[in-house]
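*Asks:* Fold the following and give me the result.
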Amino acid sequence: MEELRDSSEVPSKLDETFHRCFQRLVVRGLLPNEAADLALKVAGGTVNNEEFILADFKRWMDSSSFSFCNYPFVYDTNSKSKIMQWESNIQMRNEFQEALLRSLLLKRTCPYLVLRVKRENLIRETILQIQLQAEDLKKPLKVQFIGEEGIDEGGVQKEFFQLLVRDIFDPKFGMFYYNEDTRLFWFNSPPWDAFVEFELVGILLGLAIYNGHILELHFPRVVYKKLLGKVPTVEDLAEVDPGLVKGLQQLLQFDGDVEKVFCRSFQVSVQDIFGEFINIELKENGSDIYVTKENRKEYVDLCTKYYLETSIAPSFDAFKRGFRKLCKGRVLKLFQPIELEQLICGSPVLDFEALEKHTVYEDGYRSDSRVICDFWEVVHSLDEENKRKLLFFVTGSDRAPIKGLANLRFVISKNGSHSDRLPSAHTCFNHLLLPEYENKEKLKERLLIAINNSQGFGLM
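*Replies:* The predicted structure is shown next:
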């Protein structure tokens, strides 16, 4: 079997280590020689070209041909999201066509997953609708708020996801608790049977992926790690409870008499949902086993397992079960935890220059209108925190789509002549309503007040 062509013929972008790796695979017969040209495309930077990815995805679906999808480190997150979307589209199309056929034969099957819900008690309404249509989750989604007119062309879906996420993570509901220090949510274990609700959250994530929506979630990354079946570590625990991990690290690094100074046994004291403290043994007879220099690593490992796995097992298992109803199989295995987080929640990288270039203007505004020029000057002068607040105010999320802000449809409309009115937004449509302020200073003042004082999701 021939080696890959001489390195002098390889494009300059080719990393030599990467090249030698593929050479060895070819020589050993582990990589078909026909894949050599594909390897060069990877090296030449064309691998993340949409045409190349689609062709490679088709080879992967065929299973009998070589595909770089079997080497997911080759693709960036954006490319992997395209593969996930294509796979989702195939399953949606199959479900749609089968439903159409059944409707013709049986006169009763809808080709869409239609959720007809009331705004009041939205969580319960959604659960009931999903239970009634459990076999239809992979159909294209349509949402209808009962008693309201309107065709769901995407905006109603977005509002539905925003409202549902807001309700689910409301502290009054008790499913998740919010850590003020980390600004992240973590799983509660409610005393009542909340498995259906946690399963709904997992289904919600899957529906968002399948239907191309990003969610305003604030989970630690270990959640996505666990969804991918990876084992959590003490480093993951640091994102959930940094104070606890600081203490565990001090325990591991201590040089003196661990048993005498720390006086710990193999148990932890935790607070239940009613505020009462209870002791939990980390192993059999753990209350009688003291932590020493010899066994402290085991103690830290058991603490990590308890806090990240055992203590939330019923809640998280239901959550994961819901997610897996829509997202499972080999496509999911392409992703690393950080990539899965970006697929669901969007990218934290905000390029407002790209957003400006692709913004649409309506109702008399143009890209060269004075107010619009003032607006972008103000926006580009904002710090990172206020830029995120602006994005959240208009779109309901402080993150960009995984493909970047250039792929976000962002609309600015004139909202009357100069006044003291604040800017407002239709978050369902990423639509900013901007009065024609008399000068840049007034615009900046009104804009900052609006983005720093919006309640909830700033929905209109």
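*Asks:* Which secondary structure state is assigned to Gly329?
*Replies:* coil (DSSP: H, G, I helix; E, B strand; the rest coil).
*Asks:* Can you tell me how far it is from Asp317?
*Replies:* Using C-beta to C-beta, to the nearest Å, one obtains 19 Å as the distance from Gly329 to Asp317. Using the backbone N, CA and C atoms, a C-beta is placed for each residue, glycine as well.
*Asks:* Give me the more crowded residue out of these two.
*Replies:* Taking other C-beta atoms under 10 Å, Gly329 and Asp317 do not tie; Asp317 has more neighbours (15 against 8).
*Asks:* Okay, buried residues for the strand or helix carrying the more buried one please.
*Replies:* Here Asp317, judged by DSSP states H and E, is contained in helix 313-324. For helix 313-324, burial by neighbour count (16 or more other C-beta atoms under 10 Å) applies to 315-316, 318-320, 322-323.
*Asks:* can you give me the angle whichever helix or strand comes after it makes with helix 313-324?
*Replies:* Following helix 313-324 in sequence order, the next helix or strand is helix 337-345 (DSSP H and E). Interaxial angle of helix 337-345 relative to helix 313-324 (axes from the mean of the first three to the mean of the last three C-alpha atoms, to 10 degrees): 70 degrees.
*Asks:* So what touches helix 337-345?
*Replies:* 77, 80-81, 84, 205, 208-209, 214-217, 219, 221-222, 224-225, 227-228, 230, 332, 335, 348, 397, 399, 402 (C-beta atoms under 8 Å, 6 or more residues apart in numbering).
*Asks:* Which ones among the residues you listed lie within helices?
*Replies:* 77, 80-81, 84, 205, 208-209, 222, 224-225, 227 (DSSP state H).
*Asks:* Whichever of the residues you listed count as buried, I'd like them selected in PyMOL; how would that read?
*Replies:* What follows is the PyMOL syntax selecting those of these that are buried according to 16+ other C-beta under 10 Å:
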select buried, resi 77+80+81+84+205+208+209+222+224+225+227
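*Asks:* and which of the ones in helices among the contacts of helix 337-345 is nearest to Gln162?
*Replies:* For those, the minimum distance to Gln162 (C-beta to C-beta) is 10.8 Å, reached by Ala208.
*Asks:* Now the closest one: closest residue in space, sequence neighbours ignored.
*Replies:* In space, Ala208 comes closest to Leu215 once its chain neighbours are excluded; the distance is 5.1 Å by C-beta to C-beta, 6 or more residues apart in numbering.
*Asks:* Same check on Pro220?
*Replies:* Glu239 is the one closest to Pro220 (C-beta to C-beta, 6+ apart), at 4.0 Å.
*Asks:* I figured that neighbour was touching Val222, is that so?
*Replies:* Yes - counting by C-beta atoms under 8 Å, Glu239 touches Val222, with 6.4 Å between them.
*Asks:* picking up where we left off before, alpha carbons of the helix holding Asp317, in PDB - could you do that?
*Replies:* Output of helix 313-324 as PDB, limited to C-alpha atoms (Å, rounded to 0.1, in the frame of the first residue of the first chain):
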ATOM      1  CA  ALA A 313     -29.000  10.200  40.400                       C
ATOM      2  CA  PRO A 314     -32.900  10.000  40.300                       C
ATOM      3  CA  SER A 315     -33.200  13.600  39.000                       C
ATOM      4  CA  PHE A 316     -30.300  13.400  36.500                       C
ATOM      5  CA  ASP A 317     -31.300   9.900  35.300                       C
ATOM      6  CA  ALA A 318     -34.700  11.200  34.400                       C
ATOM      7  CA  PHE A 319     -33.200  14.200  32.700                       C
ATOM      8  CA  LYS A 320     -30.800  12.100  30.700                       C
ATOM      9  CA  ARG A 321     -33.600   9.700  29.700                       C
ATOM     10  CA  GLY A 322     -35.600  12.600  28.300                       C
ATOM     11  CA  PHE A 323     -32.600  13.900  26.400                       C
ATOM     12  CA  ARG A 324     -31.800  10.500  24.900                       C
END
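*Asks:* Now do that helix: distance to the chain's middle.
*Replies:* Relative to the chain's own centre, helix 313-324 is displaced by 16 Å; criterion: C-alpha atoms, centre = their mean, to the nearest Å.
*Asks:* Let me see the mean pLDDT of it.
*Replies:* Helix 313-324 shows a mean pLDDT of 94.
*Asks:* Run through the neighbouring helices and strands of it.
*Replies:* If you count contacts as 3 or more C-beta pairs under 8 Å, 6 or more residues apart in numbering; DSSP states H and E, helix 313-324 packs onto strand 184-187, helix 195-210, helix 222-227.
*Asks:* Can you list the neighbours in contact with the last one?
*Replies:* Contacting residues not belonging to helix 222-227 are listed as 232, 236-237, 239-240, 308-309, 316, 320, 323, 337-338, 340-341, 344 [C-beta under 8 Å, 6+ apart].
*Asks:* Downstream of it, the next helix or strand is which one?
*Replies:* Next along from helix 222-227, by DSSP H and E: helix 234-240.
*Asks:* Please report the distance of Gln85 from Trp60.
*Replies:* 14 Å.
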